[in-house]
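# here is a sequence together with a model predicted from it:
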Amino acid sequence: MPRTKITFDVVREIGLALPDVESSTRGAFALKVRGNLLACTAIHKSAQPDSLMVRVDFDQRAALLAEAPETYYVTDHYVNYPAVLVRLSQVQKDELRDLLASASRFVTSKKKRKETLKKRRT
């Protein structure tokens, strides 16, 4: 089966299908859920072109990096943030759908976000 090319338009379509998600701009393309950043174009100069930054907890990021380093990565700029970078040229549509759904749960869970940030500081 041919692979669907993932573009930021495809990311927007998947994201907007999730509850309470809206498209926004943050210097570039962004998705927010209940006003909180969910995902955006990775615009820092350390990110590879056509990369998406998605908010995830540090444990999930570690698992993604270990399981699929060809798809997921992090640069020094993003290392202290609960986020992972996604190479759109490598991610499958179903994987991206699952990742954005998981990220939405993470972003909307204040308790989980606070625990993640506290864990990272220790």
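Looks like it came in fine.
# center of this protein, which residue is that?
The chain has V54 as the residue nearest its centroid, 1.2 Å off, counting by Cα atoms, centre = their mean.
# what's near enough to touch that residue?
L38, A39, A83, V84, L85, V86, L99, L100, A103 (Cβ atoms under 8 Å, 6 or more residues apart in numbering). Heads up, the C-betas are built off the backbone N, CA and C, glycines and all.
# which SS class is the last one?
Classification of A103 by DSSP: H, G, I helix; E, B strand; the rest coil places it in helix.
# what residues are up against it?
With contact set as Cβ under 8 Å, 6+ apart, A103 has these partners: L38, A39, V54, R55, V56.
# quick one: which of those sit in helices?
In helices, judged by DSSP state H, none of the contacts of A103 are found.
# what is the least confident helix or strand in the protein?
helix 110-121 (a mean of 62; mean pLDDT, DSSP states H and E).
# if we can go back for a sec, ok, what's across the strand from the residue nearest to the centre of the chain?
A39, V84 (DSSP bridges).
# return the set of buried residues in stretch 84-94.
Neighbour counts using 16 or more other Cβ atoms under 10 Å place V84, L85, V86, R87, L88, Q90, V91 of stretch 84-94 among the buried residues.
# I'd like to know which of the residues you listed are part of helices.
Per DSSP H, these never map to helices.
# and which of the residues you listed is nearest T7?
Closest approach to T7 among these (Cβ to Cβ): L88, at 6.9 Å.
# pLDDT score for that closest one?
The per-residue pLDDT reported for L88 equals 97.
# cool, and G35?
pLDDT for G35: 89.
# burial of it, as a residue count?
9 (other Cβ atoms under 10 Å).
# go on, S102?
For S102, the neighbour count with other Cβ under 10 Å is 16.
# what do you get for S51?
Close neighbours of S51, defined as other Cβ under 10 Å, add up to 22.
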